[in-house]
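Peer 1: for reference, the sequence and a predicted model appear below.
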Amino acid sequence: MPDMVVSGQAAPPPSSPTVVVTAKRLGDTLDEKSAAASRLPLSVRETPASIEILTQDELQRRGIRTAREAFDQVVGAISGNVPGNPAVVTMRGFAGNTVSILQDGVRVAASTVAQRDTNIWHYERIEVLKGPASVLYGEGALAGVINKVTRKPVLGERMLDLMLSGGSFDTIFTGAGVNLPVSSTIAVRADASYQRSDSLYDVDHNASVSTGLTTSALFRPSDRLSLLVAVDHFEDRYDATYQGLPLIPARYALDPSDAVRSSAGLVADQSLRRRNYNPEGAWSGANETTVRSRLDWTMGDGWTAALDLTGYTADRAFLLADTQSFVGPSAAFPDGGIRQSYQDFRHDHHFWNARGVIGRDGRIAGFRHRFSLGAEYNATDFTSLRQQAPLGTLPDVDLRQPALIVAPSSPAVFTSGNVTFRSRLKQASVFAEDAVNLTARWLVVGGVRWDHIALDRTTIQNVGGAADRNAPRFDPVSWRAGTTWEAVPGLTLYAQYTTAVSPVSTILLASIANSRFRLTHGRAVEAGFKASGWGNRATLTGAVYRIAQSDILTRDPTNPALSVQGGRQSSRGIELTGELRPVPPLRLTAGASYVDARYDQLSELVGGVRIDRSGNQPINVPDTTLFAAAFYTLPHEVTLGGILRQAGGFYTDTANSIYVAGHALLDASLSLPVGQHTTLTFRGRNLTNRFYGEYSGYPTTNIYIGAPRSFDIALTARL
C-alpha cells in the first residue's frame, strides 16, 4: 500500500516510531496568563498593564542565583542588599514599602519586612506587574508587584533537576529538584538549595549561607478539581553584616574614585573596597516557614471557584553597626578612623490568610464576559525588639586596618532606644474584577477593592515598662479601569487608570506617631502597546506612565517641628522591552526605561530650620536602566552568551547632596553539553571590573559597592 501524503510529504509507516518536538514561539509569551496581573483568565496581551515574566529557564540562562539578582534585571528596576531589607526594590520612581513582594500570589507583609534574598532555584517564574496594584493586593502596592511562583508538581512526569556551581569568593550554589508521579491523580515535587560564600560582595568577614526547601503535593481526581498542598522553608545568615562603604573626605582617600560625588567633598575610596567595620558577633538572618493550600474547582458553564489558605511564621535578627561615621586622624589612628553605633533588632512574625474567589467566563447579551468576586481575611501577630546604642558605643577602629572588635553583649549599652513593638493587624477585603469584550478586538477591564484594616499597636519601654498604644482603623477603596484594543493582528493598544494606598511608613514598624496618620493615596495613568510578528519571531512592548502619591509626610510650614501630611511625590516615564530571534540559533532580548521622579512638595527639618526639598529626586532612583542579552547556539549545542546591564546615577539623600554615578556591567557565558542531558557553563560577571555603587544604605554616607569581577562554573542536568 502506498504511503499516505500529508502537506506534500510522505508519512512514516505505521511501525515507525514517532518523535514529537514542541517549542514555544516568542510571540506566545504575550498569550500566557499572569497570576500577579489579574484573577481573571486574561492573557498578558489582554491585560492593560505592563507585565514582565522571567521563567526558570531564562533565569538559569542568565546565570541568576538569588532574588536580588533577579529583581535587578527587571526593566525599570534596581535592587540592593540592604541588611534590614535584603533584595529591596526600586521601581518606577518609588522604593521600599511601595513595591509588594508576593509568594504564589500572597503577600505576608510589606517588602521592607518580609523579603529575603532567597535562592532563585525554587521558582518556576518571576512575574512583575508594574504600576499601582492595590486593587489586587491592598495597601502598599503603589509602584508594582513582584510575584515569586514556586515550582509545582506535574502529573505523570518523572523528572530530576540538578545544579552545582562554584566560583570566585569561595562561592558554592547547589540545587536539586524531583518530580514524582504517585498515581494517575497524584504527584509530588521537592526542591532543595544551598548557598555559601566567603562574601557575595568580596568583603572581609562577611560569610553568608542560605538554604531552601520547598515541597508540594498535587491531587487532581478529575479535570474539574485539583488540590495543592505545599510547605516552604528558607533560612539565611550573613556574618559581620556589611553596611556598605563609608564615604570619607577626599583629602584622606588613597584611591579616590568617580563612583560618588558629594557637595561636602566626600568620596568612595577604592582602597577600602573590601573593608568591613562591623564587629565580630554582628549578624543578620532569617528563618521562615510557609504552609499553604489551594483548591481549584471548575463547576461548569464557565463557573470556577478557588480557595487559598496560607500560614507563615518567621524569626529575623538584625545585629549591626547601623551608623558608621568617619573621624579624622589621631595619635591612635593616623589615617583616620570609623566611629559606630550599634543595634539589635529582632522580629517574631506570624501570619495567616484565607482567600476565596468565584468567577465565570461566559457570555452576556452576546458579549464575552469574564468576572471574579472574592473575599480575603488575614491576621498578623508581629513582635519586634528594637535596641539601639549611640555613636561611640563601640570602640573606634582604624580606617585602613580595622580591628576585629567584639559586639556588645550587655543590654545596658542600649541607651538610644530599648523598646518592644507589638502589632496586631487584621485585614478584611472584598474585591471584584470584570472584563467585557465589546467586540472581538475591543476589551474593557475594571476592578475595585475595599479593605478594612485594623491595627492595634503598642510600644513598650523595656526599661521602666511604660507603654504607648494606638488602634487606627482604615477603610480604603482602590479601583482601576482599562481597555485593550487589537488595532491590527499582532498589535494591541492599551490604556489604564489605577488608584492605590500606602501607609506613611511600613505599617508593622511605624512609630506610634506615624501610625496616627491616614494612608497616602496614589493614582496612575498608563498607555502602551504589545506587539508580536515576523512569524512570531519577535515581540515588542512599550509603555508611558505617570504615578503620583499624595499625603506623604512633610513639615508644617507654620511650625517646622511638626510632621504633617501634605507632601507629594511623582514619577513619569517610558519603558520598552523586546525579544527577537532573526535566525533559529540567535536569541536577542532587550529593555530600556527612563523615569523622571521628583518630590513635588516636601520639606524637612535640618538643624531646627525647615528646608524645602521640592523638585529633588527621590532616594535610590536612577533615571535610566538598560538591559540587553544575546545568546547564539553554535553547532553541537555550544552556546555563547553576553549580557549588558546599565543603570543611571541616583542620590542617597533627599537633599540630593550625594550622587552615586551610573554604571554599565558586562557578563558573558559559554555553555556546552557534556552528556545527553547535562550542560556545563562557564560564566564571567562584571568583566570590566567596574567599581560602582549598587544602592545606598541606612546612613546616606554609606554606599553598597557592587561585586567586582568574578567567575564561576556551573553544571546543570535534567534527568
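Peer 2: Structure's in. What do you need?
Peer 1: for T90, grab the count of nearby residues.
Peer 2: Neighbourhood size, T90 [other CB atoms under 10 Å]: 28. C-beta here means a position set from N, CA and C on the backbone, and glycine is covered the same way.
Peer 1: now do A495
Peer 2: A495, neighbours per other CB under 10 Å, totals 15.
Peer 1: hang on, it packs against F529?
Peer 2: No - at 10.2 Å, A495 does not count as touching F529 under the criterion of CB atoms under 8 Å.
Peer 1: contacting residues for Y545?
Peer 2: 50, 92, 130-131, 524-527, 572-575 (CB atoms under 8 Å, 6 or more residues apart in numbering).
Peer 1: secondary structure class for it?
Peer 2: Assigned by DSSP: H, G, I helix; E, B strand; the rest coil, the conformation of Y545 is strand.
Peer 1: skipping adjacent residues, who's closest to A253 in space?
Peer 2: D269 (3.9 Å; CB to CB, 6 or more residues apart in numbering).
Peer 1: can you redo the contacts of Y545 as a markdown table with distance to L634?
Peer 2: Below are the contacts of Y545 laid out as a markdown table (distance: CB to CB, whole Å):
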| residue | distance to L634 |
| --- | --- |
| S50 | 35 |
| R92 | 39 |
| K130 | 36 |
| G131 | 40 |
| A524 | 45 |
| V525 | 46 |
| E526 | 41 |
| A527 | 42 |
| R572 | 44 |
| G573 | 38 |
| I574 | 36 |
| E575 | 33 |
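Peer 1: of those, buried ones?
Peer 2: Among the contacts of Y545, those classed as buried by 16 or more other CB atoms under 10 Å are 50, 92, 130-131, 524-527, 572-573, 575.
Peer 1: which of the residues you listed fall within strands?
Peer 2: 50, 130, 524-527, 572-573, 575 (DSSP state E).
Peer 1: reformat these as TSV; add distance to A35 and pLDDT.
Peer 2: Shown next, in TSV, are those (distance: CB to CB, whole Å; pLDDT from 0 to 100):
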residue	distance to A35	pLDDT
S50	16	93
K130	15	92
A524	21	95
V525	24	97
E526	20	97
A527	24	97
R572	28	97
G573	25	96
E575	21	97
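Peer 1: just the closest of the residues you listed to R441, please.
Peer 2: Among those, A527 lies closest to R441 (CB to CB), at 17.2 Å.
Peer 1: what sits against the closest one?
Peer 2: Contacts of A527 (CB under 8 Å, 6+ apart): 493-496, 543-545.
Peer 1: buried subset of those residues?
Peer 2: Counted by 16+ other CB under 10 Å, these give 493-494, 496, 543, 545 as buried.
Peer 1: V444 is in contact with R480, isn't it?
Peer 2: No - counting by CB under 8 Å, V444 stays clear of R480, with 11.6 Å between them.
Peer 1: more neighbours: which of these two?
Peer 2: Legend: neighbour count by other CB under 10 Å for V444 and R480, higher for R480 (24 against 16).
Peer 1: does the more buried one lie in a helix or a strand, and which?
Peer 2: strand 477-488 (DSSP states H and E).
Peer 1: give the other helices and strands that that strand contacts.
Peer 2: helix 134-137, strand 442-461, strand 491-502 (3 or more CB pairs under 8 Å, 6 or more residues apart in numbering; DSSP states H and E).
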